[in-house]
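S.K.: got a sequence here, can you build the structure:
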Amino acid sequence: MTSARMQESVLRCFAIALLCLGSFAISASAQGTANTGTKPENQGSSGDGWHVDVVPYIWFAGVHGTAGVAGHDASIHADFSQVFNYLDLGAMGAVEARYNRILIPVDFMWIKLSDDKALPITDEALSVKVELRQTILTPGIGYRIVDHEKVKVDGFMGARYWHVYNSLKLQPESLGINPSKTVNWADAVAGGKITLLVSPKVVLTIGGDAGGGTARSDYEAYGLLGFRLSKKWLLQAGYRYMSVNYRPPSTFVYDVSQDGLVLGATWSVK
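M.R.: Got it, this is the predicted structure:
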């Protein structure tokens, strides 16, 4: 199976799963309303007014795909088990503000990765050292479709801004080929999130988004299992997958997938 078909299959499976869970949640909401004769927001809803969650996290992401500058492409494969060898620096976090059912989520990530064992797609070079620095900022606006004590369904739309620096150093050094380039672009994305209260202490979250515009494709999916320590703190662990295929009409290529373990905590500030 080709990489494009694999990515398409992952996205399709995620969309089907999200749709099924959303349908289940909405059906549960309607059933609860019919049984009690009250509005959904009166049944264990998360409350009116302003609420703010701050979510620092660490994403141990491997990187797979192709990065290219000035007509020279390199195949990158940094597995999850090798992440500490390739991740140089990183800063990640998210903030979600909510007023009644209106959501304002913002996700931020900056990482620096390097791989000195990448395979060049050229006949002259034996290997290539690749350095990637990327900043991803995803602000959005959303609405809480279902707001029950045990089931919450959110939908949102927004934009994902990318700032990417690619540097390739082809070996042997006698080739004198060391291209580098910095690019910026933004894609429109839309998605959703489903939160299920498995028990008073355990929370399951499934979400993701998809879109594009400047890039040919831009999407992510994630699943998190959380344990509530207190009313203010929720510890979470799970898996995140993100893929982008950016190939402008130039000599820059950034067609990569990132996936791996996510560890984080949610602090309910307000």
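S.K.: in the helix or strand where residue 66 lies, what's buried?
M.R.: Using DSSP states H and E, residue 66 sits in strand 50-69. For strand 50-69, the neighbour count (16 or more other Cβ atoms under 10 Å) marks 51, 53, 55, 57, 59-69 as buried. (C-beta placed from N, C-alpha, C; glycine too.)
S.K.: ranges for the strands of the stretch 151-270 of the chain?
M.R.: For the stretch 151-270 of the chain, applying DSSP state E, counting those that start in this stretch gives strands covering 151-171, 180-197, 202-213, 217-228, 233-246, 253-268.
S.K.: same for the second one, what does it pack against?
M.R.: Under the contact criterion of 3 or more Cβ pairs under 8 Å, 6 or more residues apart in numbering; DSSP states H and E, strand 180-197 touches helix 3-36, strand 151-171, strand 202-213, strand 217-228, strand 233-246.
S.K.: give me the angle between the third one and strand 180-197.
M.R.: The one in question is strand 202-213. Between strand 202-213 and strand 180-197, the angle comes out at 140 degrees (axes from the mean of the first three to the mean of the last three Cα atoms, to 10 degrees).
S.K.: so what touches strand 202-213?
M.R.: With contact meaning Cβ atoms under 8 Å, 6 or more residues apart in numbering, strand 202-213 is reached by 11, 14-15, 17-18, 21, 154, 156, 160, 186-198, 217-228, 234, 236, 238.
S.K.: give me the buried subset of those.
M.R.: 11, 14-15, 18, 21, 154, 156, 160, 186-187, 189, 191-197, 217-224, 226, 228, 234, 236, 238.
S.K.: ok so, going back, could I get the strands of the stretch 151-270 of the chain in TSV, plus columns for distance to residue 107 and mean pLDDT?
M.R.: TSV is the format used below for the strands of the stretch 151-270 of the chain (distance: least, Cβ to Cβ, whole Å; pLDDT from 0 to 100):
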stretch	distance to residue 107	mean pLDDT
strand 151-171	9	87
strand 180-197	11	92
strand 202-213	10	96
strand 217-228	9	97
strand 233-246	11	96
strand 253-268	11	92
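S.K.: save these as TSV, and put in distance to residue 75 too.
M.R.: Formatted as TSV, the strands of the stretch 151-270 of the chain follow (distance: least, Cβ to Cβ, whole Å):
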stretch	distance to residue 75
strand 151-171	12
strand 180-197	18
strand 202-213	23
strand 217-228	19
strand 233-246	15
strand 253-268	10
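S.K.: which of those strands sits closest to residue 139?
M.R.: strand 151-171 (5.5 Å; Cβ to Cβ).
S.K.: what helices and strands are in contact with that closest one?
M.R.: Secondary elements touching strand 151-171 (3+ Cβ pairs under 8 Å, 6+ apart): helix 3-36, strand 50-69, strand 72-78, strand 102-120, strand 127-147, strand 180-197, strand 202-213, strand 233-246.
S.K.: check which helix or strand residue 48 maps to.
M.R.: In this assignment (DSSP H and E), residue 48 forms part of neither any helix nor any strand.
S.K.: just the pLDDT for it.
M.R.: Looking at residue 48, its pLDDT is 79.
S.K.: hang on, it packs against residue 100?
M.R.: Yes - if you go by Cβ atoms under 8 Å, residue 48 and residue 100 touch, sitting 5.2 Å apart.
S.K.: more neighbours, these two?
M.R.: residue 100 (16 against 11; other Cβ atoms under 10 Å).
S.K.: OK, contacts around the more buried one?
M.R.: 48, 49.
S.K.: 7 Å - rerun?
M.R.: residue 48 (Cβ atoms under 7 Å, 6 or more residues apart in numbering).
S.K.: same check on the one 10 residues further on?
M.R.: Contact analysis of residue 110 by Cβ under 7 Å, 6+ apart lists 90, 91, 135.
S.K.: burial count for the nearest residue to residue 232 once chain neighbours are set aside?
M.R.: With sequence-adjacent residues excluded and distances taken as Cβ to Cβ, 6 or more residues apart in numbering, residue 232 is closest to residue 268, at 5.0 Å. Using other Cβ under 10 Å, residue 268 has 13 other residues around it.
S.K.: all numbers from here: first residue = 321
M.R.: With the count now opening at 321, the last piece we talked about shows up as residue 588.
S.K.: lowest-confidence entry in the buried residues of strand 370-389?
M.R.: Among those, pLDDT bottoms out at residue 389, giving 70.
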